[in-house]
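>>> Sequence first, then the predicted structure:
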Amino acid sequence: MQWRYQERVLSLAVFANFSQLWARLLISPIVPVVLVAFDVSKSLVGLALTGMWAAYALFQYPSGILGDRFGERRVVLVSLGAAAVATVLLAASPSFLMFGAFVVLLGAGSGLYYPASSSLLTRLHERTGQALGFHTAGGAFAGLLAPVAAAAVSVRFGWRPAILLGLVMLLPAFVLFALYVRRTDPMRPETELRERLDPRRALGPLSDPVLLHTTFLGVVASFTWQAFTSFFPTFLVEYQSFSTGRASVVFGAVMIISVVSLPLLGRLSDRLPRDLTLAGALAVGGTGITLFLLDGGLGPIVAGVCLAGVGFGWGGVLHSLFMDNLPADDRASGFGLVRTVYMLFGSLGSVVVGTLADTSGWQVAYGFVVALLVAGLLSILGRRAVSQVAS
C-alpha cells in the first residue's frame, strides 16, 4: 500500500508540474496577437515576460520556507490555486498594464510549486533521482504541447481563450492533489517566518562548499537551457539555413528525447555517483551543441539531436544532488533558496547568447555555452580529484 501511495503522489506531482508550466508556456505563442490587441511594443511585452520568469525564480525560496512551516501539500495547493486565479485574471485583462501585472502574478503563483513538491517526493522515495527525473519530465513535456495548443486556439478563437487553456490542466491538478495526497506534517512548524527570511539566515546553506558548487552547476544547466530554448530554432534558420518548419521539427525532437532521458538519467544516478552522472550529461549535451555548429550535413544534425536531448536530461540528477546534501529539516527551504539563486543567474542565458549572436555570430554565442558546460564538467572532475587526494 505504501508503494502504491508513493506512485500515486509521484503521478499527481508530474501532472501538477506539467500544469503549472503549461499555463506559463501558453503565453509566448500569443505574443504577436497581444502586440496588436494592446498596441504595445515588443520591448514592453518582453519586460512583462521577464517579470514573470523573475517572479517564478524569486518565489522558489518562499516555497521552501512555507513548505517547512505549513507542510508541502498545502503549499502545492496554494500554488496551483494561485496560478489558476492568475490565469483567469490574465485572460480578462482590460489593459496591457493589467496584463503585465497578472503575468507576474502567474509567475509568482507557479514559483511556489517546485521546491515544496520536490521536498514531498524526496520524503516518500528512496530513489530520488528517478522520482525527480519523472517529476521534471512533466514540465519538459508541457514545453512540447503548450505552444502548439496555444497557437491553434488563438488562431481560431483569439488569445483570451488560448490563455484559458491553462485552467484545463490547473483545475484537475488542484482537485486531484487535494483529494488523493495526504496531509504532510511540517518539518519546522515552530519557526518564525521573519527569522527564516533574514538575509544572513537565508544565505546560510550557500556557506557549504558542496552546496555552493552544486549551485554553480545549477547556473550552468539553467543558463544552457535558457540559451537553447530561447534561440535554437532561430539559430537553425540563420546558421544552418533550415526552414522554420524544419527547425521546429529538430527542436521538438530534442525536447522529446530530453523528456525520455530525464527519468532514465535520474535512475542511473541512483545507482552510480550522482556527480559523475551529471558530469556525463554535461559532456554529452556539450558535444551535441558542438555538432550543431558543424557544417557537415544531416549526420551531425541527427547526432546532435540525440546527444543534446540525452544531455538535457540532467534535471533529476541535479535536483537529487541538492537533496542529498541538504539536511532533512531544512530541505524544502534550502532547495528553494538554491533554485532562486541558480535560476536568476541562469535566466541571463537568453540575453547573453542573444547579444553574442548579434555582435559576434552564432559560433561565438553557442561556443560560449559549450565552454560553460566544459567548465561545469571540469569543476566536477576537479572536486573529485581533490577529494580523493585529501582522503
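Here it is on my side, so go on.

>>> Low-confidence bits of the stretch 51-200 of the chain, can you list those?
Filtered on pLDDT under 70, the stretch 51-200 of the chain yields the residue ranges 187-200.

>>> now the helices for it?
Taking DSSP state H, counting those that start in this stretch as the test, the helices found in the stretch 51-200 of the chain are 60-70, 72-91, 96-111, 113-124, 128-157, 159-180, 193-196, 199-202.

>>> Likewise for the stretch 201-350 of the chain?
Applying DSSP H, counting those that start in this stretch to the stretch 201-350 of the chain gives helices spanning 209-239, 244-271, 274-292, 298-311, 315-325, 331-346, 348-360.

>>> Indicate which one of those is closest to Thr122.
In terms of Cβ to Cβ, the element of these nearest to Thr122 is helix 315-325, at 4.9 Å. The way it works is simple: take the backbone N, C-alpha and C, and place the C-beta from them, glycine included.

>>> now could you export just the CA positions of that closest one as PDB?
This file holds the C-alpha atoms of helix 315-325, laid out as PDB (Å, rounded to 0.1, in the frame of the first residue of the first chain):
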ATOM      1  CA  GLY A 315      17.300  17.900 -14.200                       C
ATOM      2  CA  GLY A 316      16.500  14.900 -11.900                       C
ATOM      3  CA  VAL A 317      20.200  14.300 -11.300                       C
ATOM      4  CA  LEU A 318      20.900  17.900 -10.400                       C
ATOM      5  CA  HIS A 319      17.900  18.200  -8.100                       C
ATOM      6  CA  SER A 320      18.800  14.900  -6.400                       C
ATOM      7  CA  LEU A 321      22.300  16.100  -5.800                       C
ATOM      8  CA  PHE A 322      20.900  19.100  -4.000                       C
ATOM      9  CA  MET A 323      18.600  16.900  -1.900                       C
ATOM     10  CA  ASP A 324      21.400  14.600  -1.000                       C
ATOM     11  CA  ASN A 325      23.400  17.500   0.600                       C
END
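
>>> Report all helices and strands that it contacts.
For helix 315-325, the packing partners by 3 or more Cβ pairs under 8 Å, 6 or more residues apart in numbering; DSSP states H and E come out as helix 113-124, helix 128-157, helix 209-239, helix 244-271, helix 274-292, helix 331-346.

>>> winner for burial among those helices?
Counting by mean count of other Cβ atoms under 10 Å, helix 113-124 has the highest mean neighbour count of these, with a mean of 26.

>>> Just want the angle from it to helix 128-157.
Interaxial angle of helix 113-124 relative to helix 128-157 (axes from the mean of the first three to the mean of the last three Cα atoms, to 10 degrees): 150 degrees.

>>> Can you spell out which helices and strands pack onto helix 113-124?
Secondary-structure packing of helix 113-124 (3+ Cβ pairs under 8 Å, 6+ apart): helix 2-25, helix 60-70, helix 72-91, helix 128-157, helix 315-325, helix 331-346.

>>> okay, the angle between the fifth one and helix 244-271?
On the basis of the same axes, to 10 degrees, helix 315-325 is oriented at 30 degrees to helix 244-271.

>>> Now do the buried residues in helix 315-325.
315-323, 325 (16 or more other Cβ atoms under 10 Å).

>>> could the residues you listed be laid out in JSON lines, adding pLDDT and distance to Pro273?
Below are the buried residues of helix 315-325 laid out as JSON lines (pLDDT from 0 to 100; distance: Cβ to Cβ, whole Å):
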{"residue": "Gly315", "pLDDT": "85", "distance to Pro273": "18"}
{"residue": "Gly316", "pLDDT": "83", "distance to Pro273": "15"}
{"residue": "Val317", "pLDDT": "90", "distance to Pro273": "10"}
{"residue": "Leu318", "pLDDT": "91", "distance to Pro273": "14"}
{"residue": "His319", "pLDDT": "86", "distance to Pro273": "16"}
{"residue": "Ser320", "pLDDT": "86", "distance to Pro273": "11"}
{"residue": "Leu321", "pLDDT": "89", "distance to Pro273": "10"}
{"residue": "Phe322", "pLDDT": "87", "distance to Pro273": "15"}
{"residue": "Met323", "pLDDT": "82", "distance to Pro273": "15"}
{"residue": "Asn325", "pLDDT": "84", "distance to Pro273": "13"}
